[in-house]
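Participant: sharing a model prediction with you, sequence too.
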Amino acid sequence: MTSKPMNIRNKSNVAIITRTKNRPLFLIRCIKTVLAQQYQDWIHVIVNDGGDCCSVDEIVRKNHEAYRNRIKVIHNQQSLGMEAASNIGVKNSESNYITILDDDDQVRLLKQLLQAENIDEKRWPARQLAALIDGWKNRGLTPDRVPAGEADS
């Protein structure tokens with residue numbers, strides 16, 4: 001069972017879903033990379049999967065001003081696992097695009113990713129984009145290293 005999400009702002013072009021559980025140092029680093037983006041039309045959805053609520057809330061509170069109402073925190077009362085936590089984040093997003101960013105990862109420049117692949121709402125439904133990004137990440141690729149033609153398949 002999940003607790004009610006802290007809604008700040010829902011609609012944005014890109015939702016960055018971050019799953020975390022009792023890893024505050026990783027979460028702090030992850031948040032710093034999200035906040036450093038030049039591309040600004042995003043919302044950061046943090047799903048605390050059964051971890052300490054107070055530490056997550058305190059980290060977010062310290063970055064409240066920098067987030068400029070682009071944050072949503074969801075606390076699961078117990079750990080549901082990575083896949084379920086991701087799904088909860090996706091279900092609590094109304095964005096055009098979705099990407100999963102684990103708490104121990106750093107985000108690429110979203111604007112460069114979107115421009116590199118000429119991605120727009122008509123070509124890439126959110127689920128396809130998330131699968132594309134995860135597929136690249138799992139193979140150690142970045143948009144500039146994707147084999148020719150693969151982005152269009």
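Facilitator: Arrived safely, thanks for sending.

Participant: the chain: helices as residue ranges?
Facilitator: Secondary structure of the chain (DSSP state H): helices located at 24-35, 53-62, 64-67, 82-91, 110-116, 126-138.

Participant: could you list the buried residues of the fourth one?
Facilitator: Using 16 or more other CB atoms under 10 Å as the burial criterion, the residues of helix 82-91 that qualify are 85, 86, 88, 89, 90. C-beta here means a position set from N, CA and C on the backbone, and glycine is covered the same way.

Participant: same check, this time on stretch 44-61
Facilitator: Buried residues in stretch 44-61, defined by neighbour count with 16+ other CB under 10 Å: 44, 45, 46, 47, 48, 49, 50, 51, 55, 56, 59, 60.

Participant: max pairwise distance over those: which two?
Facilitator: Across the buried residues of stretch 44-61, the longest distance by CB to CB is 19.4 Å; it joins 44 and 50.

Participant: where does this protein dip in pLDDT?
Facilitator: 1-10, 107-153 (pLDDT under 70).
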